[in-house]
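**Q** Coordinates only, no sequence provided:
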């Protein structure tokens with residue numbers, strides 16, 4: 001069984017892959033930082049489950065779609081309305097970047113080591 005990580009300690013995680021399955025989004029990340037004086041953590045999966053709706057920067061989205069070639073999760077917050085994830089996207093061309101605050105309404109999150 002995978003070890004579960006407290007999502008409140010999770011940030012600075014380069015995204016390797018995104019997988020969409022029904023009302024779920026799964027992010028495979030290379031590593032992440034806990035923000036303490038500890039080494040980066042190993043490869044991890046962030047799973048968002050039970051998504052009723054998605055907004056990006058306050059605008060409704062039909063589904064989660066990566067914006068550019070590379071992304072990194074900068075924060076994860078869980079509250080009674082769902083899960084908020086902040087992602088910075090970067091592209092191959094100079095100055096190609098995008099920041100998104102994604103709200104997954106009605107969802108839950110778990111972070112587990114792969």
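**A** Here it is on my side, so go on. Computed from a prediction, not measured in an experiment: that's the story for all the values here.
**Q** May I see the buried residues of the helix or strand that contains residue 18?
**A** Secondary structure assigned from DSSP states H and E places residue 18 in strand 13-21. For strand 13-21, burial by neighbour count (16 or more other CB atoms under 10 Å) applies to 13, 15, 16. Where you see a C-beta, it was placed from the backbone N, CA and C, and this is true even at glycine.
**Q** Specify which member of these is nearest to residue 71.
**A** residue 15 (4.3 Å; CB to CB).
**Q** That closest one contacts residue 26, correct?
**A** No. Counting by CB atoms under 8 Å, residue 15 stays clear of residue 26, with 10.6 Å between them.
**Q** Report all helices and strands that the strand holding residue 18 contacts.
**A** strand 24-29, strand 70-79 (3 or more CB pairs under 8 Å, 6 or more residues apart in numbering; DSSP states H and E).
**Q** quick one, it and strand 24-29 angle?
**A** Counting by axes from the mean of the first three to the mean of the last three CA atoms, to 10 degrees, strand 13-21 points 150 degrees away from the direction of strand 24-29.
**Q** Give me the contact list for strand 13-21.
**A** 25-33, 43-44, 46, 63-64, 66, 70-73, 87 (CB atoms under 8 Å, 6 or more residues apart in numbering).
**Q** how about residue 106, phi and psi?
**A** phi 80, psi 0 (degrees, to the nearest 10).
**Q** before we move on, what about residue 22?
**A** Taking degrees, to the nearest 10 as the convention, residue 22 sits at phi 60, psi -120.
**Q** before we move on, what about residue 83?
**A** With angles defined as degrees, to the nearest 10, residue 83 sits at phi -120, psi 130.
**Q** Of all the helices and strands in the protein, which has the lowest average confidence?
**A** When the helices and strands of the chain are compared on mean pLDDT, DSSP states H and E, strand 4-5 comes out lowest with a mean of 52.
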